[in-house]
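**Q** 3D, please:
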Amino acid sequence: MTPDSVGPFSRPILVERSLKTGQPVTVEATEAECAALARDFGLPGIARLTGTFRLSGSLHRLQVTGTVEAALTQTCIVTLEPFEATVTEEVDVDFADQDAFAGTPAEDADIPDPIVNGRIDLGSLAAEFLALGLDPYPRKDGVDFEPPAAEEGRTPFAALQGLRGKDDGTDG
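**A** Numbers count the residues shown, from 1 in each chain. Next up is the predicted model:
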């Protein structure tokens, strides 16, 4: 949760307070935050983004589970028309004190996300899981890609073959 890592949707929470209540934590993006995330993700729009999370564990080792849901507008890769879509992503992420794994090579361990100054950012987590849930090749329902019909006997090298036929065999 350093200032340069926080995106347009940030909801830092105190781990200790959330663990004590034991209640789910819900974060919801404002209209401005949805617009900023849509720009960041190259989407025509995000109407709603909500994350509902449950925290369990301790102040030093934490598990966050829950669901991220969004209503958004995507652009169909076939028709290039905008269409409405929904994204629902299950969340299951481990957090630990940022010093707990200092010096551990990343390839040697599955290093949890950091707890920084007793806080985690559930807004950033919701945005991250929205990004993971986006279809990289979105299509409107019922739209299939159909490649253009190839002309009979026409291949990508047909033009080269035509040039070869024009060669009279003399050097010139």
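
**Q** so Q74 versus E146, what's the distance?
**A** Q74 sits 20 Å away from E146, going by Cβ to Cβ, to the nearest Å. C-beta coordinates here come from the backbone N, C-alpha and C atoms, glycine included.

**Q** okay, the two: which has more neighbours?
**A** Relative neighbour count places Q74 above the other of Q74 and E146, with 22 against 7, counting by other Cβ atoms under 10 Å.

**Q** and that one, how far is that from K140?
**A** Distance, Q74 to K140, using Cβ to Cβ: 9 Å.

**Q** please enumerate the helices of this protein.
**A** Secondary structure of the chain (DSSP state H): helices at 15-21, 31-41, 122-133, 158-166.

**Q** nearest spatial neighbour of P24, skipping sequence neighbours?
**A** Take P24 and drop its neighbours on the chain: the residue closest to it by Cβ to Cβ, 6 or more residues apart in numbering is R54, 5.0 Å away.

**Q** ok so, going back, can you list residues touching both of Q74 and K140?
**A** Residues touching both Q74 and K140 (Cβ atoms under 8 Å, 6 or more residues apart in numbering) are F83.
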